[in-house]
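[1] Coordinates only, no sequence provided:
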Ligand SMILES: Nc1nc2[nH]c(SCC(=O)O)nc2c(=O)[nH]1
């Protein structure tokens, strides 16, 4: 029996690798260039990803790209709540909220989201308690430092070992705060304070993170590492490289991949799952 998550009444089954479609509501997306963000466009985009076969939609109102600045909580709420409400009304898919702020977590769940996706691993003030009180599935991700400076000169003695230990500590902290272990997902945080070499090591050894005893999420979609490996400067040109990386992630034990290009990723994982269904049992299983 494979794990499944009850996301505020909407079930996410992890019987095979699942695709988390990305709905970013940030200045570089869905805005008419003005200050206000077009919620309708973001909702339409989410519904298109649902059509493409997404298993869950990840709504984010604060860019956590390298060098990005914090967004005030009122602004983040203004961006994400209407989009979550609109998506919850128009699709039966589970919805996750990509935020580190406890106030945004609470408002998002109230609006119909059913999973917390915190790139900061519940380290913000009040986040652990909010996650425990909300009782929803939560993704704990590794990040080295802060988005503003994390890519300056990331250094590790043993990136896999150090990320593994961080995730083990955050899982422990979450459980101590009252988060049920069955509600926890771990994520090494590709690109969050890592060089290309670090990201390659984390992907090559991704199965190490399944030893944490919780499902593993991998997010490499259109990231700089893919761009550097393929020579594609434009994120929209990184679809093939992203699909390849997410296939490898599935092969190495990831059961959720976070992607912009849902249709391509869904097709690749269908091929992967068909082969996995007939593969001999893993020797380390
Ligand atoms: N769980 C999880 N959440 C994320 N949110 C972003 S935003 C940066 C981008 O998409 O380039 N990345 C990730 C990731 O890798 N894992």
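    All right, it came through fine. In this text the structure is predicted, and so the values were computed from the model without any measurement.
[2] okay, CA-based contacts and neighbour counts for the rest of this
    Noted.
[3] which residues of the stretch 1-150 of the chain fall in strands?
    4-7, 10-13, 18-24, 56-60, 95-98, 115-118, 138-141 (DSSP state E, counting those that start in this stretch).
[4] Mean pLDDT and distance to residue 280 for the ones you listed - can I get that in TSV?
    Converted to TSV, the strands of the stretch 1-150 of the chain look like this (pLDDT from 0 to 100; distance: least, CA to CA, whole Å):
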stretch	mean pLDDT	distance to residue 280
strand 4-7	98	24
strand 10-13	98	23
strand 18-24	97	22
strand 56-60	98	29
strand 95-98	98	34
strand 115-118	98	33
strand 138-141	98	30
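[5] For those strands, give me TSV that also has mean neighbour count and distance to residue 271.
    Converted to TSV, the strands of the stretch 1-150 of the chain look like this (neighbours: other CA atoms under 10 Å; distance: least, CA to CA, whole Å):
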stretch	mean neighbour count	distance to residue 271
strand 4-7	19	22
strand 10-13	17	18
strand 18-24	26	13
strand 56-60	26	20
strand 95-98	29	25
strand 115-118	28	27
strand 138-141	27	26
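[6] Adding distance to the ligand, write the ones you listed out as CSV.
    Shown next, in CSV, are the strands of the stretch 1-150 of the chain (distance: least, CA to the nearest ligand atom, whole Å):
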stretch, distance to the ligand
strand 4-7, 15
strand 10-13, 15
strand 18-24, 8
strand 56-60, 8
strand 95-98, 6
strand 115-118, 5
strand 138-141, 6
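[7] could those go into TSV alongside distance to residue 173?
    TSV is the format used below for the strands of the stretch 1-150 of the chain (distance: least, CA to CA, whole Å):
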stretch	distance to residue 173
strand 4-7	20
strand 10-13	24
strand 18-24	25
strand 56-60	24
strand 95-98	20
strand 115-118	14
strand 138-141	11
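[8] now for those strands, which one comes closest to residue 264?
    strand 18-24 (10.5 Å; CA to CA).
[9] right, so of the strands of the stretch 1-150 of the chain, which gets closest to residue 278?
    Nearest of these (CA to CA): strand 18-24, 18.7 Å.
[10] List, one by one, the residues from the stretch 101-250 of the chain near the ligand.
    117, 119, 139, 141, 187, 189-190, 219, 223 (CA under 6 Å from any ligand atom).
[11] Tell me how many other residues crowd the closest residue to the ligand within the stretch 151-285 of the chain.
    Relative to the ligand, the nearest point of the stretch 151-285 of the chain is residue 219 (3.7 Å; CA to the nearest ligand atom). Residues near residue 219, counting by other CA atoms under 10 Å, number 22.
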